[in-house]
Structures are given as C-alpha cells and as structure tokens.
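*Asks:* Provide a 3D model corresponding to the input given below.
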Amino acid sequence: MAQRQPGFTRASALGPIADFVDGQGGSISRVLDSVDLPHGILETPDLPVPLPLQFRLLARAARETGDPHFGARLGREVRIENLSAFGRWVSEAGSAGGAIERSNRGLNVFLQTGTNLKLDCRGEEARWSIEFLDPGFDGRYQNELLGLSYLIDVVRSFVGPSWTPEVVCTTSTKAAQAGALEQIFQANVSIGHAVPTIAFPRKYLAAAKRRGAEAARGGRIADGGAPPRGEPLVPQGRDPAEAVLAVTRLALLDGYPRIDWVAAKLGMTRRSLQRRLAEQGTTFSRVLDDLLREQSKRLLATGAMSITEIALRLGYADAAHFSRAFKRWTGASPIAYRRARG
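*Replies:* Numbering: from 1, shown residues only. As a prediction, the model looks like this:
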C-alpha cells in the first residue's frame, strides 16, 4: 500500500500566532525551536507547511502559554480576509452563502489540503463542518478550535460583528471544557461530536455585506465567482516530488536544506524518501538543485542583495561556492547574469 502523504497548509492559516503567544507571556521563538521550524516562517506566510507540523506547533503553543483552549483564543484574532488572496476572495462574495461556497470549493486548492468543508441544510437550520483527514493527534484538537473560529468569522463578516452561532459542536469529550469554550465562542457548545461544526439559522446564508451585493436568495448558495488569479496552489500530496520541494523550500529558510530534515517533516526516513523520489524518476539532489537555481535567479534579478548575501541566504559557505554552482547551472557567473538583466 502506498504511503499516505501528509496534508499541507499555508503558514498564514495560523493567523497572528507570534504576537498572540508573546502577548500571553510565552515565547514564539521557543515554540518554533521546539518543533524544529525555521523562524523565517513568520515572514513568509504563503509558504506551505505540512499539516501535522502545524498541529504540533499549536500543541506546543498551548503548552507554552498554559492555555488548554489556545486554538479557540487565537481564533478570536483571526480574520478570513487576511488569508492571502484566497481569504480576500472568500470575503468578497456576494453573501454569506456565497462565501461558504467559495470556501468549500477553494480550501483544498489554495489554503489547506487534507481538510473537508461541508454545508448541510435541513429545514431552517444550516450546519457547516470542518473535518481534518490527517491521522495526527498531537495538536489536532487545537487546530479544530482554530478551524471553527475561521468558520465563525466567515459568517460573522456578513451577518454582523456581534453574531455568534446557535451551537458550536466540538470533538471534545470533557464536559468541563464546554463552559470555558462557551465563554470564548460566546455561544452554546456541544461536545462529543465526530466533526467540528457550527449551526445557525439557514436564513443567514442570504446575508450580504452591502446594499446591491449579489446575495443568494431564499437561502440558496450559488456564487459562481472565479477563483483568485495568481494565487499559488498548495501541494496536493499526489506527487512525492512536489511535497519534497515544498518542504525543501521551508528548510531553505534556515540554511542549506538537509535531506534528513526534509524526510522527518514528511514523516519518512531518508531511505523511504529517496525511494519515493526514485519512483518519480528524480532524486533529492536534483530537486534541491532546481530549487536553488530558481531562487538564485529570482534573488539576482531583484538586485536587492549582494552576491555574498545571496550565497549566505541560500546556505552556501561563501560567494565562491555559490558562483561555481550558479555557473554550472547557467553557464554564466552571478555578476554576468545580473548585468545581462540590467
């Protein structure tokens, strides 16, 4: 049986986690170090991150701040429009129902794979759920609370800032947690559910932000808006080389990428990663070479960094090592390449 690839999410899905952890008396640097994530991820929110790694990051942040409901409290600070172009596209829908339709259609393409969104309407009630398919457990609950917060924010941005769901359904089995979560969500909380869900009157699907907006009628949710142009796609997990490339980009934030680090973040051994890439007709060295060539061309074209700075940024010991590699890739020195492009 083929090994299951982990889902991926964008770092932007964590919202303002750095400020929030520090504001709670914790240290985001300690949190990142404890899960072996580069600190540069805070400045590159569009980079894909393996979903189990986000689970662990949230679990460690909860322990760092001493808050068993960290995901829910962080969720009070999130805004759907801050989730890159995808979030803005969702928030610009004509109605709450249209925003939900866009979310359901685009989530696994633009923001987070391994996650299912589903809207179920029965009679006068609407139920919107978020299901995480990754089998990881550490931090999964915190991620569910954060995911529920995004669902609430989508509907709230259309219905009004004081709106709350009729019921928030969680997977928690501890009755003592319900009271604390009700204070955070400002809504009734029901525990022991298989899938995190918010329930609200179906009529709110037609809520529009402004007069003249193309709202759904009678609770219908058809929207039809084209997905955001230019928004990068998250790795779908079907191509091992694509997943390796995504994690190698992440590793590059902290110097020259190491195959063992990349394999560990994908839940593999070094040997299994090499075997999966061989099945795709490639190697880790080739994936890394392609990435370094692409990144070096981009950095040279901007002209914002010196050759030495670029070399160090890409993990080379000095400019000479970088220059030899670049000439091997392109046949030109970095200086000549930059001059040729003005």
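
*Asks:* wait, doesn't A126 sit right on A206?
*Replies:* No: the criterion here is CB atoms under 8 Å, and A126 misses it with A206 at 10.7 Å. For glycine as for every other residue, the C-beta is placed from the backbone atoms N, C-alpha and C.

*Asks:* neighbour-wise, which of the two wins?
*Replies:* It is A126, of A126 and A206, that has more neighbours when counted by other CB atoms under 10 Å, with 25 against 19.

*Asks:* which residues are in contact with the closest residue to the more buried one other than its chain neighbours?
*Replies:* Closest residue to A126 apart from its sequence neighbours, by CB to CB, 6 or more residues apart in numbering: R202 at 4.5 Å. Residues counted as contacts of R202 (CB atoms under 8 Å, 6 or more residues apart in numbering) are C121, G123, E124, E125, A126, G219.

*Asks:* closest one of those to A301?
*Replies:* For these, the minimum distance to A301 (CB to CB) is 48.6 Å, reached by A126.

*Asks:* A strand includes the closest one, no?
*Replies:* Yes: under DSSP: H, G, I helix; E, B strand; the rest coil, A126 falls within a strand.

*Asks:* so it versus P165, what's the distance?
*Replies:* A126 sits 10 Å away from P165, going by CB to CB, to the nearest Å.

*Asks:* overlap in contacts, the two.
*Replies:* In contact with both A126 and P165: A199, F200, using CB under 8 Å, 6+ apart.

*Asks:* looking at the contacts of R202, which one is closest to G303?
*Replies:* A126 (52.0 Å).

*Asks:* show me what the helix or strand where D33 lies is packed up against.
*Replies:* Following DSSP states H and E, one finds D33 within helix 28-34. On a contact count with 3 or more CB pairs under 8 Å, 6 or more residues apart in numbering; DSSP states H and E, helix 28-34 meets helix 17-23, helix 51-65.

*Asks:* please identify the buried residues of the last one?
*Replies:* The neighbour-count check on helix 51-65 (16 or more other CB atoms under 10 Å) flags 51-62, 64-65 as buried.

*Asks:* what's in contact with it?
*Replies:* With contacts defined as CB under 8 Å, 6+ apart, helix 51-65 is touched by 6-9, 13-14, 17, 21, 24-28, 30-32, 34-35, 37, 68-71, 74, 112-115, 132, 134, 136-140, 142-143, 146, 265, 267.

*Asks:* if any of the residues you listed are buried, put those into a PyMOL selection.
*Replies:* Filtering the contacts of helix 51-65 down to the buried ones (16+ other CB under 10 Å) takes a single PyMOL command:
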select buried, resi 6+7+8+9+13+14+17+21+26+28+31+32+34+35+37+68+69+70+71+74+112+113+114+115+132+134+136+139+140+142+143+146+265+267
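
*Asks:* which ones among the contacts of helix 51-65 are found in strands?
*Replies:* In strands, defined here by DSSP state E, the members of those are F8, T9, T115, F132.

*Asks:* looking at those residues, which is nearest R286?
*Replies:* Taking CB to CB as the measure, R286 sits nearest to F8 out of the ones in strands among the contacts of helix 51-65, at 21.2 Å.

*Asks:* what's near enough to touch that closest one?
*Replies:* Contacts of F8 by CB under 8 Å, 6+ apart are P48, V49, P50, L51, Q112, T113, G114, V234, P235, G237, A243, A246.

*Asks:* what bridges to the first one?
*Replies:* Spelled out, it's P48. Listed by DSSP bridges, the beta-bridge partners for P48 are R10.

*Asks:* so who does it touch?
*Replies:* P48 makes contact with F8, T9, R10, V234, P235, A246, R249, L250, according to CB under 8 Å, 6+ apart.

*Asks:* spell out which residues make up each domain of this protein.
*Replies:* The chain breaks down by automatic domain parsing into domains covering 8-206, 240-340.

*Asks:* among the contacts of F8, find the lowest-pLDDT one for me.
*Replies:* Checking pLDDT across the contacts of F8, the minimum falls on G237 at 68.

*Asks:* tell me how many other residues surround N104.
*Replies:* 16.

*Asks:* that concludes my questions; thank you for your assistance.
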